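**Q** Here is my input, please return the structure:
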Amino acid sequence: MFANITALPTLDTLSLPDLALQELNIHLRGQLIRRGDADYDQARQLWNGAVDKRPALIVRSQTAQDVALAVTFARNHNLPVSVRAGGHNAAGLALVDDGLVIDLSRMKRIQIDPARRVARAEPGLTIGEFTRALEPYGLLTPTGTCSGTGIGGMTLGGGIGWLTGRFGLAVDNVLSFEVVTAEGRLLKASAEENADLFWGLRGGGGNFGVVTAIEYQLHPMGQVLGGTILYPLSLDVLRAYFDFTSAAPDEVIAYAALATIPNAGPAVAITVCYSGDDLAAGEQALAPLRQFGSPIVDMIRPMNYTELITSLDPTAPDGRHYADTAYSLKQPGDDALKAMLACAEQKSSPFSVIVIHHINGAGTRVAPDATAFALREPHYSIVNAAAWEEGPAEPHLAWAQESLARMQPFASQGLYVNFMGQEGEAAIREAYRANYERLVALKRKYDPTNFFRMNQNIKPGGK
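**A** Purely as a prediction, here's the structure:
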């Protein structure tokens with residue numbers, strides 16, 4: 001099943017525009033898109049409307065063989081490569097100027113084995129599509145928080161989300177990957193086959209190849225108790241939120257957004273998921289959330305998991321302009337909360353938001369070296385998400401950067417790689433901590449020329 005893919009012949013550069021592209025197109029089951037094609041502008045659009053990159057070629061893959069052909073073509077013709085699954089990364093790493101984009105967004109097949117509680121899913125599925133397919137079986141697995149995010153990038157970076165406390169991260173529930181390497185080889189990576197690669201793919205991002213399928217362990221799951229409760233923006237509410245989440249049971253994950261709400265003004269929007277089996281016990285566990293003061297709105301109720309993750313979609317629509325900075329925070333004191341509150345009060349746009357991701361429970365009890373994902377202690381991952389629809393970007397970029405600078409005295413070491421932009425090598429080292437050198441060795445083995453570098457890049461030389 002897993003074999004070498006026959007390489008395309010290396011062609012003289014004089015014949016590249018016609019013969020090489022014709023050869024590639026003949027072998028593809030998917031679609032080859034070039035500048036000037038009718039689909040080109042649509043194909044290069046991402047969730048973040050601020051990203052305006054112009055690839056030379058886009059290969060909309062249908063199969064793993066298509067991916068291998070695209071990898072081989074790019075290598076033979078010295079084209080830089082990027083990989084797109086959901087295209088939801090704010091930094092726009094899914095596209096590369098003047099290079100070749102391997103677009104996985106059409107690869108959406110899923111096979112579900114309810115008896116074994118296993119799903120094999122292709123990386124172009126969004127989280128919403130993935131969970132909708134699983135819910136009729138009463139099964140789920142940990143995912144990220146936004147329905148429009150692709151499962152490929154979400155999983156490779158770690159996968160924090162609403163079920164992290166109960167079942168761990170997405171990577172803690174992966175049984176195997178299928179991956180095309182920089183050599184154009186299709187491999188299986190699991191605990192039994194290519195175990196070193198399996199370790200690195202669980203949190204190491206897109207550094208080691210293009211993942212074309214992921215096999216997940218599933219868990220029985222009915223309705224969750226979830227939704228959003230709004231409070232006026234205040235220091236007291238922030239204190240109460242951090243006190244609540246620091247003592248929350250594994251079944252409870254609560255994220256907070258310091259946002260401007262239409263018809264309500266500045267607010268703390270706390271979105272919660274109780275994933276336990278007993279919703280009556282969940283009501284008791286969430287009762288303190290209703291005692292922070294007088295809520296503006298309380299929308300917490302039993303719902304399907306997919307309904308929970310899609311409820312947040314209107315807050316970050318496709319095509320709006322985004323720019324993020326991010327940091328990690330352990331249990332903060334009043335000085336940190338006052339600084340965070342000041343950042344929220346100085347937002348440059350009503351669409352901008354500070355999002356506080358609560359990471360606890362089972363996901364923090366895995367050994368830091370068990371997977372490439374190393375940030376295993378309880379903490380908060382916080383994103384200053386600048387958002388705007390028109391006008392110059394500079395005021396919004398400045399707010400995001402100034403907010404990051406203001407919070408740096410309180411930040412803890414290490415940042416979730418899926419929230420990174422262009423922080424650079426030092427931040428990547430901090431994210432992987434003691435795992436970094438092992439990842440460098442793995443990169444040297446599977447991608448010694450750093451072919452896959454449009455990512456939070458681990459260089460094969462280590463520097």
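**Q** alpha carbons only for contacts and neighbour counts from here, please
**A** Noted.
**Q** mind listing what the residue most central in space within the chain touches?
**A** Residue closest to the average C-alpha location in the chain (Cα atoms, centre = their mean): M154, at 3.3 Å. M154 is in contact with T143, G144, N418, counting by Cα atoms under 8 Å, 6 or more residues apart in numbering.
**Q** Using the three-state scheme, assign it.
**A** helix (DSSP: H, G, I helix; E, B strand; the rest coil).
**Q** ok, which stretches of the stretch 51-200 of the chain are strands?
**A** 57-60, 81-84, 100-103, 110-113, 118-121, 139-140, 174-180, 186-190 (DSSP state E, counting those that start in this stretch).
**Q** would JSON lines of those with mean neighbour count and distance to T164 be doable?
**A** Formatted as JSON lines, these follow (neighbours: other Cα atoms under 10 Å; distance: least, Cα to Cα, whole Å):
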{"stretch": "strand 57-60", "mean neighbour count": "25", "distance to T164": "32"}
{"stretch": "strand 81-84", "mean neighbour count": "26", "distance to T164": "25"}
{"stretch": "strand 100-103", "mean neighbour count": "27", "distance to T164": "28"}
{"stretch": "strand 110-113", "mean neighbour count": "15", "distance to T164": "22"}
{"stretch": "strand 118-121", "mean neighbour count": "22", "distance to T164": "18"}
{"stretch": "strand 139-140", "mean neighbour count": "22", "distance to T164": "12"}
{"stretch": "strand 174-180", "mean neighbour count": "23", "distance to T164": "14"}
{"stretch": "strand 186-190", "mean neighbour count": "22", "distance to T164": "21"}
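**Q** Correct me if wrong: R35 contacts A56.
**A** Yes - look at R35 against A56 with Cα atoms under 8 Å: they come within range, at 6.3 Å.
**Q** Distance check, the closest residue to R54 other than its chain neighbours against D52.
**A** Leaving aside its chain neighbours, R54 sits nearest to D97 (4.9 Å; criterion: Cα to Cα, 6 or more residues apart in numbering). As judged by Cα to Cα, to the nearest Å, D97 and D52 stand 9 Å apart.
**Q** picking up where we left off before, please identify which of R35 and A56 sits among more neighbours.
**A** Under the neighbour definition other Cα atoms under 10 Å, R35 and A56 were set side by side, and A56 has more, 17 against 14.
**Q** now for the host helix or strand of K445, which elements pack on it?
**A** Assessed by DSSP states H and E, K445 sits inside helix 436-446. Applying 3 or more Cα pairs under 8 Å, 6 or more residues apart in numbering; DSSP states H and E, one finds that helix 436-446 makes contact with helix 195-201.
**Q** Show me which residues of the helix it packs on are buried.
**A** Going by neighbour count (16 or more other Cα atoms under 10 Å), the buried part of helix 195-201 is D196, L197, F198, W199, G200, L201.
**Q** Now do the contacts for the nearest residue to the fourth one once chain neighbours are set aside.
**A** Pointing back at W199 there. Closest residue to W199 apart from its sequence neighbours, by Cα to Cα, 6+ apart: T371 at 5.2 Å. T371 makes contact with V171, W199, G200, R202, G203, according to Cα under 8 Å, 6+ apart.
**Q** could those go into JSON lines alongside pLDDT and distance to D447?
**A** Below are the contacts of T371 laid out as JSON lines (pLDDT from 0 to 100; distance: Cα to Cα, whole Å):
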{"residue": "V171", "pLDDT": "98", "distance to D447": "21"}
{"residue": "W199", "pLDDT": "98", "distance to D447": "15"}
{"residue": "G200", "pLDDT": "98", "distance to D447": "12"}
{"residue": "R202", "pLDDT": "98", "distance to D447": "17"}
{"residue": "G203", "pLDDT": "98", "distance to D447": "17"}
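**Q** confidence score at A400?
**A** A400 carries a pLDDT score of 98 in this model.
**Q** and it, how many neighbours?
**A** Counted with other Cα under 10 Å, A400 comes out at 25.
**Q** before we move on, could you check phi and psi at it?
**A** According to degrees, to the nearest 10, the main-chain angles of A400 amount to phi -60, psi -40.
**Q** Next step: the contacts of M154 restricted to helices.
**A** Using DSSP state H, no member of the contacts of M154 sits in helices.
**Q** then stretch 160-168 to PDB, C-alphas only?
**A** Extracted as PDB, the C-alpha positions of stretch 160-168 are listed here (Å, rounded to 0.1, in the frame of the first residue of the first chain):
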ATOM      1  CA  ILE A 160      -6.000  22.200  21.800                       C
ATOM      2  CA  GLY A 161      -9.800  22.600  22.200                       C
ATOM      3  CA  TRP A 162     -13.000  21.900  24.000                       C
ATOM      4  CA  LEU A 163     -12.200  18.300  24.800                       C
ATOM      5  CA  THR A 164      -8.600  18.700  25.900                       C
ATOM      6  CA  GLY A 165      -9.400  18.500  29.600                       C
ATOM      7  CA  ARG A 166     -11.200  15.200  29.300                       C
ATOM      8  CA  PHE A 167      -9.400  13.400  26.400                       C
ATOM      9  CA  GLY A 168      -6.200  15.300  25.800                       C
END
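**Q** distance between it and the chain's centre?
**A** Computed by Cα atoms, centre = their mean, to the nearest Å, the separation of stretch 160-168 from the middle of its chain amounts to 14 Å.
**Q** Noted, bye for now.
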